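**Q** I need the structure of the sequence given here:
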Amino acid sequence: MSLLFAMFSFSLAMSISPGPVNMVVVSSGANYGIRKTFAFVSGGAIGFTLLLLFVGLGFSKVIDLYPHFLDVLAVVGSLFIVYMGYKIASSKPKVDIETRAQPTFSQGFLLQWLNPKAWIASMVGISLFSVPNSNLEFLTFAFIYFVVCYGSLFIWSVVGKKASILLNNAFKLKCFNYLMGGLLIVTACFLLYTQFK
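**A** Numbering: from 1, shown residues only. A predicted model of the protein is given here:
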């Protein structure tokens with residue numbers, strides 16, 4: 001039972017803490033509402049879980065052989081996060097919400113696979129919750145992480161929707177978009193800096 005609690009605690013700490021995916025979810029929740037953000041939330045949760053399974057069921061051995069893979073990932077991932085930040089910062093206020101594109105399932109999925117935080121969470125989780133000669137413990141961890149990740153991303157969409165109550169005019173919403181987009185770009189730069197420090 002304590003092992004399951006440890007899996008849950010780790011999953012919650014990694015999923016609920018601010019990161020690139022969560023920032024996009026908050027912004028989308030504020031701009032489009034919970035229902036229209038659900039596709040991105042689903043893409044993020046499913047994308048991370050498949051990444052965790054991919055790394056845990058074999059790719060971690062490739063990373064051990066080629067550690068510079070994570071350096072390349074940090075550059076490509078940070079560029080994609082900057083792109084998402086730019087899209088948020090340059091999005092128009094809510095008045096013409098019907099004509100602008102909200103974040104999609106594929107963007108949520110791809111953002112997880114290009115997110116250095118997601119790769120680090122996968123590697124750490126695998127090292128903590130895997131045992132030699134058996135995948136049962138790791139698969140249990142992956143299932144728990146999937147449920148917790150989905151719930152955490154959904155909570156961030158609710159936070160965004162609740163924030164929209166305060167963002168009741170075009171100017172406030174535009175400032176919020178600048179702030180969230182700017183934070184995402186700063187996050188990408190920080191991730192890149194810590195990777196090469």
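**Q** regarding this protein, what is its longest helix?
**A** When the chain is parsed with DSSP state H, its longest helix is helix 136-166.
**Q** could I get the average pLDDT for that one?
**A** The average pLDDT within helix 136-166 is 92.
**Q** ok, now stretch 75-88?
**A** 82.
**Q** just stretch 190-197 next, same as before
**A** Computed over stretch 190-197, the average pLDDT equals 73.
**Q** list of residues touching that stretch?
**A** For stretch 190-197, contacts defined as CB atoms under 8 Å, 6 or more residues apart in numbering pick out 20, 70, 71, 74, 75, 77, 78, 81, 116, 117. Yep, even glycine has a C-beta here, placed from its N, CA and C like the rest.
**Q** state the helix or strand in which the fourth one lies.
**A** Same thing as residue 74. helix 69-89 (DSSP states H and E).
**Q** the last one too?
**A** Remark: residue 117 resides in helix 116-128, with elements defined by DSSP H and E.
**Q** report back the residue of the protein that's furthest from centre.
**A** For the chain, the largest distance from the centre (CA atoms, centre = their mean) belongs to residue 133, which lies 30.5 Å off.
**Q** now the angle from the helix holding residue 117 to helix 69-89?
**A** Interaxial angle of helix 116-128 relative to helix 69-89 (axes from the mean of the first three to the mean of the last three CA atoms, to 10 degrees): 140 degrees.
**Q** re the thing from before, same for the helix holding residue 74, what does it pack against?
**A** helix 20-32, helix 60-65, helix 105-113, helix 116-128, helix 170-196 (3 or more CB pairs under 8 Å, 6 or more residues apart in numbering; DSSP states H and E).
**Q** the ones you listed: which one's closest to residue 40?
**A** helix 105-113 (4.1 Å; CB to CB).
**Q** and the angle for that closest one with helix 20-32?
**A** Using the same axes, to 10 degrees: helix 105-113 against helix 20-32 is 150 degrees.
**Q** what helix or strand is residue 49 located in?
**A** Short version, using DSSP H and E: residue 49 is in helix 34-54.
**Q** which residues are in contact with the helix holding residue 117?
**A** 6, 10-11, 14, 19-21, 48, 51-52, 55-56, 60, 63, 70, 73-74, 77-78, 112, 138, 141, 145, 191, 195.
**Q** next up, the contacts around residue 115.
**A** Contacts of residue 115 (CB under 8 Å, 6+ apart): 19, 20, 21, 77, 81.
**Q** buried residues in the longest helix of the chain?
**A** For helix 136-166, the buried set under the neighbour-count rule, 16 or more other CB atoms under 10 Å, comprises 138, 141-142, 144-146, 148-157, 160-161, 163-164.
**Q** center of this protein - which residue?
**A** residue 21 (2.9 Å).
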